[in-house]
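>>> give me the fold of what follows.
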Amino acid sequence: MVKRIATASVLIVVLLALVLFGRLLTRLLLDFVVFACAAVAVHETYGVFKRAGYSPIGGALVAATVLMVPLTVLLGPSGLIVTVAVGALTALSVFTMKHNYELKDMLATAFILVYPLALTGIFSLINHGYGGLLGILLAIVVPVMTDTMAYFAGITIGGKKLCPNISPKKTVAGAVGGIIGGILGAFLIFVLFDWTGALADLSEVDALLPDKWLSLAVYLVIGYLGGFICEMGDLAASWIKRKAGIKDFGKLFPGHGGIMDRLDSILFMLPVVYALFALLGALL
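Presented below is the predicted three-dimensional model:
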């Protein structure tokens, strides 16, 4: 437990430093971090599928991973679509010309192109216009608060198991605590941007909505939905690991496993944040 908390604390400090100070220097620094995270996440997921008896087409995954950030930065959402298309077409070409792959290997490759690669690429979309620093922190803080509150509520209160066949340690109390954590995380972003404006000058988007109280209502809804969605992301990753017969995606972080073990909730939150700011951009 001590190792887990210590590692989590260091990761949070490093991540927030990269986000806050890195963006002051250049947004490209955060893009490089996104690329590095995507590369490690794809490698870990590839390894999980290999262990489960699949053979994802590595060349297609490498090509898509290398192209993802540059195309997303240059072309926006279209770049992310092109990235997945290039990966899929490359995989299909290899699958057609080299007959040592099965159909299940092609499907595993397509899965990895979406989870985690395309979902990770949404981070660059948020970094370059769809929410800016406000969106980035919303996509990080809500999952972090959800995971933190779920963990401490679970070990403190205990009680009925949530999904024992997926993750034996998760409890209903932990799930409720996680949703409360998501709401608190969203409220914190509201305070830092819309209410006090403490970080507003650092972001292209300084407030969610012009009306403070309407903005608060939206934050609370996003926090509630985000808490639920983040917990679903955690459960989804746990089920993948259980089906593959492994405990963690990797061993990068002591007490926490690999990078996918840390990104599982954030990956599910990123589309929510992107959709929020895309919708606001269309309506306002």
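
>>> model confidence at residue 206, what's the number?
In the predicted model, residue 206 carries a pLDDT score of 89.

>>> assign it to helix, strand or coil.
The three-state assignment at residue 206 reads coil, by DSSP: H, G, I helix; E, B strand; the rest coil.

>>> now swap in residue 210 and tell me
Using three-state DSSP, the secondary structure recorded for residue 210 is coil.

>>> what about it, neighbour count?
Neighbour count of residue 210, defined by other C-beta atoms under 10 Å: 9. From N, CA and C alone the C-beta is placed, and that goes for glycine too.

>>> distance check, it against residue 116.
Distance of residue 210 to residue 116, given as C-beta to C-beta, to the nearest Å: 35 Å.

>>> equivalent analysis for residue 260, please.
Between residue 260 and residue 116 the distance is 6 Å, computed by C-beta to C-beta.

>>> can you pull the residues that touch both of the two?
Common contacts of residue 260 and residue 116 (C-beta atoms under 8 Å, 6 or more residues apart in numbering): 41, 45.

>>> in three-state terms, label residue 168 for me.
Of the three states, residue 168 takes strand according to three-state DSSP.

>>> contacting residues for it?
residue 161.

>>> with only the CA atoms kept, save the helix or strand encompassing residue 107 in PDB.
In this structure, residue 107 sits in helix 103-112 according to DSSP states H and E. Included here for helix 103-112 are C-alpha records, laid out as PDB according to Å, rounded to 0.1, in the frame of the first residue of the first chain:
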ATOM      1  CA  LEU A 103      -8.300 -13.500 -39.100                       C
ATOM      2  CA  LYS A 104      -8.200 -13.200 -35.300                       C
ATOM      3  CA  ASP A 105      -4.800 -11.600 -35.600                       C
ATOM      4  CA  MET A 106      -6.200  -9.000 -38.000                       C
ATOM      5  CA  LEU A 107      -9.000  -8.300 -35.600                       C
ATOM      6  CA  ALA A 108      -6.600  -8.000 -32.600                       C
ATOM      7  CA  THR A 109      -4.600  -5.400 -34.600                       C
ATOM      8  CA  ALA A 110      -7.700  -3.400 -35.400                       C
ATOM      9  CA  PHE A 111      -8.600  -3.400 -31.700                       C
ATOM     10  CA  ILE A 112      -5.200  -2.100 -30.600                       C
END
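
>>> any chance you could list what contacts that helix?
By C-beta under 8 Å, 6+ apart, the list of residues contacting helix 103-112 reads 42, 45-46, 49, 54-57, 60-61, 87-88, 91-92, 95.

>>> filter those down to just the ones in helices.
Among the contacts of helix 103-112, the members falling in helices are 42, 45-46, 49, 60-61, 87-88, 91-92, 95 (criterion: DSSP state H).

>>> thinking again about what came up before, the contacts of helix 103-112, buried ones only, as a ChimeraX selection?
Restricted to buried positions by 16 or more other C-beta atoms under 10 Å, the ChimeraX selection for those reads:
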select :42,45,46,49,54,55,56,57,60,61,87,88,91,95
